[in-house]
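1. Predicted model follows, preceded by the sequence.
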Amino acid sequence: MTKVGLIGEQRPSADIRGVLIFLHEKDDPGPPLGITDAESLCTAVYLNRFLPELLAQEPDNPFVVVLAPLVVERDEELQAQVPHI
């Protein structure tokens, strides 16, 4: 959040926002003390919410597949995601 603030100071006319990436909602500690409007600075993204659907839609996308081990819990399911050569 500090870096987002510093970039915002360097570019006062730009709309600067950060993206916080968490595996699960429970991993999100919430906004730091003293930050009243954290949503205007950063957006939280939870991989467990959208990654399984994205894997189903784009099973051959290497940028998506590389994240599969984070949300696929069973080895059999993970092996099914591996492209067969």
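-> Nice, thanks for sending it over.
2. Point out where the chain drops to low pLDDT.
-> Filtered on pLDDT under 70, the chain yields the residue ranges 34-40, 75-85.
3. Strands of that one, start to end?
-> Assigned by DSSP state E, the strands in the chain fall at 18-22, 42-46.
4. Need those strands in JSON lines (columns: mean neighbour count and distance to L67).
-> Just so you know, the C-beta spots here come from the backbone N, C-alpha and C atoms, and that holds for glycine as well. Formatted as JSON lines, the strands of the chain follow (neighbours: other C-beta atoms under 10 Å; distance: least, C-beta to C-beta, whole Å):
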{"stretch": "strand 18-22", "mean neighbour count": "13", "distance to L67": "10"}
{"stretch": "strand 42-46", "mean neighbour count": "14", "distance to L67": "12"}
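5. These: which one's closest to V66?
-> strand 18-22 (13.7 Å; C-beta to C-beta).
6. in its sheet, what does the closest one sit against?
-> Paired neighbours of strand 18-22 in the sheet (DSSP bridges): strand 42-46 (parallel).
7. which outside residues touch the strand it pairs with?
-> Strand 42-46 is touched from outside by M1, V4, R17, G18, V19, L20, I21, F22, L23, H24, E25, D28, with contacts defined as C-beta atoms under 8 Å, 6 or more residues apart in numbering.
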